[in-house]
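give me a 3D structure for the following:
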Amino acid sequence: MIYIGEQKKQEIIAAFLQKNAVDKIFIIGSNLDFELNNAEFIKFSDVIMYKFFYRLLQEISRNTLVILNECLQKTNRHDLAYNCIRRYVLQTSHRIIFNYYPIKQAEEDFMILWDMAQPNPFLKDSYRYISKFNDVQCGKIELDLNINHIDVDEKFVNEYAKEKIKIIDSVNKDPDVIPRRLLKFVEKYKNKKQGGLDSLSQIKKEMNVGVTSLPVDQYYLSQIYNFKKGVQNVVEKIQCK
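Next comes the predicted model:
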């Protein structure tokens with residue numbers, strides 16, 4: 001079962017344990033926001049490590065409960081970390097998946113979670129061919145965006161243009177570095193003018209952001225709007241129980 005949004009995780013787990021005979025419990029994730037005795041916690045970043053990979057393949061049985069807690073951390077459905085998790089969950093039918101947001105960036109990201117809930121997680125269905133998702137429970141999902149419009153003077157506009165050229169000249173392979181570095185440059189300026197601002201690059205439930213007319217801010221703001229729309233579209237395709 002996949003649980004999206006606000007959930008009473010400990011109650012869900014307790015109810016599952018009452019109904020099922022479980023020999024071991026493994027929790028995989030990065031944000032452990034609940035307590036569970038007699039469970040081993042493994043960071044998402046550690047799932048690819050040999051010291052965990054081979055041991056878990058030996059220890060996970062059909063009666064082992066694997067909990068994936070906020071594991072939607074990458075957008076590549078074929079990422080090595082996800083393939084390792086697929087090997088783990090393939091060995092048991094006892095799986096609970098918690099993720100507050102159903103996507104990381106795009107609607108298709110939900111299929112990463114969907115894979116992990118299927119009997120064979122290596123059979124990757126296409127998002128566009130699924131009209132309704134069953135066995136998914138939705139709770140409240142929040143993304144409150146407070147926008148502070150911040151003016152920029154001509155001096156900083158010129159500094160921005162120079163910084164952009166400097167970053168472009170220094171980039172060799174990864175073009176995504178350009179907007180990330182430009183945003184960091186602009187956010188230093190914004191926080192000098194108005195402190196306590198959140199970064200436009202980090203999606204969270206409540207965001208207090210500063211936005212200028214500069215292209216990099218407009219790009220990241222559009223990404224947030226696209227994210228909100230993507231979440232809405234996925235939730236509409238979920239047949240909640």
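
only C-alpha atoms for contact and neighbour calcs from this point on.
OK.

by mean pLDDT, flag the weakest helix or strand of the chain.
For the chain, the helix or strand with the lowest mean confidence is strand 238-240, at a mean of 66 (criterion: mean pLDDT, DSSP states H and E).

and the pLDDT for the closest residue to residue 121 other than its chain neighbours?
Spatially, and ignoring its direct neighbours in sequence, residue 121 is nearest to residue 115 (4.6 Å; C-alpha to C-alpha, 6 or more residues apart in numbering). Residue 115 is assigned a pLDDT of 93 by the prediction.

number of nearby residues for residue 115?
A count of nearby residues for residue 115, using other C-alpha atoms under 10 Å, gives 18.

and the protein, what are its domains?
2-141, 144-232 (automatic domain parsing).

can you say which of those domains is packed in most?
domain 2-141 (a mean of 17; mean count of other C-alpha atoms under 10 Å).

ok, now which ones touch residue 114?
residue 2 (C-alpha atoms under 8 Å, 6 or more residues apart in numbering).

which secondary structure element contains it?
helix 110-117 (DSSP states H and E).

quickly run through the sheet partners of the helix or strand following that helix, with directions.
Counting by DSSP H and E, the next helix or strand C-terminal to helix 110-117 is strand 133-138. Taking DSSP bridges as the criterion, strand 133-138 sits next to strand 2-4 (parallel), strand 238-240 (parallel) in its sheet.

so what's the gap between strand 133-138 and the chain middle?
18 Å (C-alpha atoms, centre = their mean, to the nearest Å).

same question for stretch 194-203.
Per C-alpha atoms, centre = their mean, the centroid offset for stretch 194-203 relative to its chain is 18 Å.

and that stretch, how far apart are its ends?
20 Å (C-alpha to C-alpha, to the nearest Å).

who touches it?
187, 190, 191, 207, 208, 209, 210, 217, 220, 221, 224.

residue 75: which of the residues you listed is nearest?
residue 224 (15.6 Å; C-alpha to C-alpha).

okay, and that closest one sits in which element?
Taking DSSP H and E as the criterion, residue 224 maps to helix 215-237.

so which elements touch that helix?
Judged by 3 or more C-alpha pairs under 8 Å, 6 or more residues apart in numbering; DSSP states H and E, helix 215-237 is in contact with helix 177-193, strand 206-211.

the same query, at a cut-off of 6 Å, please.
Judged by 3 or more C-alpha pairs under 6 Å, 6 or more residues apart in numbering; DSSP states H and E, helix 215-237 is in contact with no other helix or strand.

report the angle between it and strand 206-211.
With axes from the mean of the first three to the mean of the last three C-alpha atoms, to 10 degrees as the basis, helix 215-237 and strand 206-211 are set at 150 degrees to each other.

okay, helix 215-237 in CSV with CA atoms only?
C-alpha atoms of helix 215-237 as CSV (Å, rounded to 0.1, in the frame of the first residue of the first chain):
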residue,chain,number,x,y,z
PRO,A,215,15.0,35.0,-15.5
VAL,A,216,16.4,32.5,-13.0
ASP,A,217,13.8,33.4,-10.4
GLN,A,218,11.0,33.2,-13.0
TYR,A,219,12.3,29.8,-14.1
TYR,A,220,12.3,28.3,-10.6
LEU,A,221,8.9,29.9,-9.8
SER,A,222,7.5,28.2,-12.9
GLN,A,223,8.9,24.9,-11.7
ILE,A,224,7.0,25.2,-8.4
TYR,A,225,3.8,25.9,-10.3
ASN,A,226,4.4,22.9,-12.5
PHE,A,227,5.1,20.8,-9.4
LYS,A,228,1.8,21.8,-7.8
LYS,A,229,-0.1,21.0,-11.1
GLY,A,230,1.7,17.7,-11.3
VAL,A,231,0.7,16.7,-7.7
GLN,A,232,-2.9,17.7,-8.5
ASN,A,233,-3.0,15.6,-11.7
VAL,A,234,-1.5,12.5,-10.0
VAL,A,235,-4.0,12.7,-7.1
GLU,A,236,-6.8,12.9,-9.5
LYS,A,237,-5.7,9.6,-11.0
